[in-house]
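Enquirer: how would this look folded up:
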Amino acid sequence: TFKCFCGSCAGLPGGDIFTFMMRLENIGFKDALFKCAELSGVDINVQEKIKPQPKKEIFQALDAASNYFKNSLESRYGSQGIKYLDSRGISTNQIEEFGLGLSLGGINTLVDHLKKVGIKGAAAVESGLVQKWPDGTWHDFFIERLTIEIKDEENNLVGFGARSLDNKLPKYINTQQTSLFNKSQLLFGLNKAKDAIKEEGVCIIVEGYMDVFAAHSEEFKNVVACMGTSVTKEQLELVSKYTEKVILCLDSDIAGRRASVNNLIKLINSDINFSNLKIQVEVSSIKEGKDPDELIRNNPSDWLEIISNSIPLHIHLINNLELVFDLNDPIQKKQAANSVYKIVFENQNGHIQDQILNLLSKKLNVLRENLPKPENKNKNIKIPNTNTQAIKENAIER
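Expert: All right, here's what the predicted structure looks like:
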């Protein structure tokens, strides 16, 4: 069980593990149930009845909410939001361009507005704009927050992001998963960035909305955001339609870097195949204590330098293995090696394989021939011997 002491759980004082997961991940009960089952190793075999979703009504609800949020920001109640945006260097043009608005508290509710403009209750719920509290009453999902329109690559409004203006936690929240909104399959700003990505041949993925605002204000138009989640296979597949190169520019502090490395390890050991995807992924590192937003606004040339010094994903992972593994522990050393084997051997270039394995052996402080053997999940991987003639011939041939 859990108990909320800070009042940020929308009237919910506490609850069980499913309620906790729903609040933590901004998902519904069904998704929380499956997530908890996955984490605990419980197999849930459910034949779902697929119900047609009223997408037209959901789009109408989202459009009505967008108008409400924008009008609220422009009203006499929007001074706090305007002041915050001004302090972050966000111009009037960007407020309009990215559809920024304000969700109010008190008696001025989105629930009432949606009723007035004739939005059906089912559509309001399906869109994630309203939620039912434990006392049976319906309330806005976003309360006293700056709102940000989230659009898909075709420029359709599918949901909202929201930023707390009174230090209420969590600082940022997104629309809960709906038939239109799944943040693991979306990239914020891609609708505006896709032409620049094509033209420049590279897509830069950052974590936050503010990073995108800063980048676009300085004419770095090929920047998009993964909205605080880890980069997913679906997001990379989305980008691969526009470019063959992606640069990740993620958190700079130790905790953020550790989380990023963990997430990237999960990504490369999923069913993704970078060779088939035909996409090259690199990572840029920012000095600890800074983020892209601050860096770009203070000195755009520093941003260009950091992006130009990006390194391949597998090298970044090997360089940072100690953040998630104890490399003095033999068991964890084996786990560290196996965490990168898949991406290394998906690359058919023998010369690059040789370079990476040498780097890995150096990182783990073992001889190349003593690298840990692949685990069962990587049973098809065969580690080439050091400097074998076959590797040299393969490298020359390619």
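Enquirer: list the contacts of Val324.
Expert: Arg258, Val261, Asn262, Ile265, Ala336 (Cβ atoms under 8 Å, 6 or more residues apart in numbering). Heads up, the C-betas are built off the backbone N, CA and C, glycines and all.
Enquirer: no wait, Ala337
Expert: Leu360, Leu364, Leu371, Pro372.
Enquirer: what residues are up against the residue nearest to Ile119 when sequence neighbours are not counted?
Expert: Excluding the flanking residues, the one nearest Ile119 by Cβ to Cβ, 6 or more residues apart in numbering is Ala61, at 4.8 Å. Applying Cβ under 8 Å, 6+ apart, we find Ala61 in contact with Leu114, Ile119, Lys120, Ala123, Ala124, Glu126, Ser127, Leu129.
Enquirer: drop anything exposed from the residues you listed.
Expert: Leu114, Ile119, Ala123, Ala124, Glu126, Ser127, Leu129 (16 or more other Cβ atoms under 10 Å).
Enquirer: ramachandran coordinates for the last one?
Expert: The phi/psi pair for Leu129 (degrees, to the nearest 10) reads phi -80, psi -30.
Enquirer: quickly find the element holding the closest residue to it other than its chain neighbours.
Expert: Spatial nearest neighbour of Leu129, chain neighbours left out: Ala65 (5.3 Å); criterion: Cβ to Cβ, 6+ apart. Following DSSP states H and E, one finds Ala65 within helix 55-74.
Enquirer: CA atoms only for that helix, dumped as CSV, please.
Expert: Taking C-alpha atoms only, helix 55-74 is exported to CSV below (Å, rounded to 0.1, in the frame of the first residue of the first chain):
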residue,chain,number,x,y,z
LYS,A,55,-11.8,8.8,-32.4
LYS,A,56,-13.7,11.6,-34.1
GLU,A,57,-15.3,12.5,-30.7
ILE,A,58,-11.9,12.2,-29.0
PHE,A,59,-10.4,14.6,-31.5
GLN,A,60,-13.3,17.0,-30.8
ALA,A,61,-12.7,16.8,-27.1
LEU,A,62,-9.0,17.5,-27.5
ASP,A,63,-9.6,20.5,-29.7
ALA,A,64,-12.2,21.9,-27.3
ALA,A,65,-9.7,21.4,-24.4
SER,A,66,-7.0,23.1,-26.5
ASN,A,67,-9.1,26.2,-27.0
TYR,A,68,-10.0,26.3,-23.3
PHE,A,69,-6.4,26.1,-22.2
LYS,A,70,-5.3,28.8,-24.6
ASN,A,71,-8.1,31.1,-23.6
SER,A,72,-7.2,30.5,-19.9
LEU,A,73,-3.6,31.5,-20.5
GLU,A,74,-4.7,34.7,-22.3
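Enquirer: re the thing from before, out of the contacts of Ala337, grab the one that's most surrounded.
Expert: Leu360 (24 neighbours; other Cβ atoms under 10 Å).
Enquirer: distance check, it against His139.
Expert: As for Leu360, its distance to His139 is 52 Å (criterion: Cβ to Cβ, to the nearest Å).
Enquirer: cool, and Asn182?
Expert: From Asn182 to His139 the distance is 23 Å (Cβ to Cβ).
Enquirer: could you list the low-pLDDT ranges of this structure?
Expert: 6-13, 26, 41, 45-54, 288-289, 347-348, 376-398 (pLDDT under 70).
Enquirer: strands of that one, start to end?
Expert: 2-3, 14-15, 100-103, 130-132, 138-140, 145-151, 157-164, 172-174, 203-206, 223-225, 245-249, 280-284, 311-312 (DSSP state E).
Enquirer: adding distance to Leu327 and mean neighbour count, write those strands out as TSV.
Expert: As requested, those are exported to TSV (distance: least, Cβ to Cβ, whole Å; neighbours: other Cβ atoms under 10 Å):
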stretch	distance to Leu327	mean neighbour count
strand 2-3	35	12
strand 14-15	40	14
strand 100-103	45	26
strand 130-132	45	17
strand 138-140	49	18
strand 145-151	40	24
strand 157-164	38	23
strand 172-174	34	21
strand 203-206	28	27
strand 223-225	32	28
strand 245-249	23	22
strand 280-284	20	20
strand 311-312	20	15
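Enquirer: CSV for the ones you listed, including distance to Leu73?
Expert: Formatted as CSV, the strands of the chain follow (distance: least, Cβ to Cβ, whole Å):
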stretch, distance to Leu73
strand 2-3, 34
strand 14-15, 33
strand 100-103, 4
strand 130-132, 20
strand 138-140, 15
strand 145-151, 8
strand 157-164, 12
strand 172-174, 17
strand 203-206, 24
strand 223-225, 21
strand 245-249, 29
strand 280-284, 33
strand 311-312, 41
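Enquirer: which of these sits closest to Tyr77?
Expert: Proximity to Tyr77 (Cβ to Cβ) singles out strand 100-103 among these, at 7.2 Å.
Enquirer: which secondary structure elements does the closest one contact?
Expert: On a contact count with 3 or more Cβ pairs under 8 Å, 6 or more residues apart in numbering; DSSP states H and E, strand 100-103 meets helix 55-74, strand 145-151.
Enquirer: rerun at 10 Å
Expert: helix 55-74, helix 79-87, strand 145-151, strand 157-164 (3 or more Cβ pairs under 10 Å, 6 or more residues apart in numbering; DSSP states H and E).
Enquirer: dump it to PDB, keeping only the CA atoms.
Expert: Provided in PDB are the C-alpha atoms of strand 100-103 (Å, rounded to 0.1, in the frame of the first residue of the first chain):
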ATOM      1  CA  LEU A 100       0.800  26.400 -24.900                       C
ATOM      2  CA  GLY A 101      -2.100  27.000 -22.500                       C
ATOM      3  CA  LEU A 102      -3.100  26.900 -18.900                       C
ATOM      4  CA  SER A 103      -5.300  24.500 -16.900                       C
END
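Enquirer: distance from that strand to the middle of the chain?
Expert: 22 Å (Cα atoms, centre = their mean, to the nearest Å).
Enquirer: what pairs with it, and is each one parallel or antiparallel?
Expert: strand 145-151 (antiparallel) (DSSP bridges).
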